[in-house]
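Chemist: Structural data only, the sequence is not supplied:
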């Protein structure tokens, strides 16, 4: 590979261990990421984005103890994210978006600080910070603890039984009040609102029984 270093073209037959920055983005590189990159102990910035790289992310990259930025976005990388990368305590920027990565995203050390943008475009990835949940061995989805607690609180405190009882009680009380309003004809404006102006409720008149009279002889 021929690189331009300080204004001069230089033929590079192997990766120099003195490199602190490697930016080979936006080329047409194919094949796998060489595991020997893990030997670059003082490498701080590695950008291999916008190529056609395939295969797994080498676990040897966990030896890059000084690395601060990794960008492998827009390639065709597959497999899981190596747990060895969680050893990179100086890693401040990670971009693995738009690849074919699968599995659960590691969440220890620096990986707990990376947001959704670091992983978008990988349909096989799951777990935080993505919305997509991972599945346990028994096929059940792993839910965040906060969501589970909220669901249990709803079931224990304000479950569907309480809701049904509330609606049922309100329905019965409403019918009773409505009957009393129609029976008495008051308030008049409410009765006229539902039944029209001029509506009169006909009440049954009680018939007073005539007291028996004594017939004089």
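Modeler: Good, I have the coordinates. Because the structure is predicted, anything quoted here is derived from the model rather than measured.
Chemist: got any ranges where the chain has weak pLDDT?
Modeler: 1-6, 12-17, 136-164, 166-171, 173-217 (pLDDT under 70).
Chemist: And the strands in it?
Modeler: For the chain, applying DSSP state E gives strands covering 2-5, 8-11, 21-23, 30-31, 45-47, 52-55, 69-71, 76-79, 93-95, 100-104, 124-126.
Chemist: Make JSON lines out of the ones you listed and add distance to residue 117.
Modeler: (Glycine included, C-beta is placed from N, CA and C.) Output for the strands of the chain, formatted as JSON lines (distance: least, CB to CB, whole Å):
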{"stretch": "strand 2-5", "distance to residue 117": "30"}
{"stretch": "strand 8-11", "distance to residue 117": "35"}
{"stretch": "strand 21-23", "distance to residue 117": "20"}
{"stretch": "strand 30-31", "distance to residue 117": "26"}
{"stretch": "strand 45-47", "distance to residue 117": "16"}
{"stretch": "strand 52-55", "distance to residue 117": "20"}
{"stretch": "strand 69-71", "distance to residue 117": "12"}
{"stretch": "strand 76-79", "distance to residue 117": "17"}
{"stretch": "strand 93-95", "distance to residue 117": "8"}
{"stretch": "strand 100-104", "distance to residue 117": "14"}
{"stretch": "strand 124-126", "distance to residue 117": "13"}
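Chemist: Which stretch among those approaches residue 118 most closely?
Modeler: Taking CB to CB as the criterion, strand 93-95 is the member of these that comes nearest to residue 118, at 4.9 Å.
Chemist: for that closest one, which positions count as buried?
Modeler: Residues of strand 93-95 classed as buried by neighbour count (16 or more other CB atoms under 10 Å): 94, 95.
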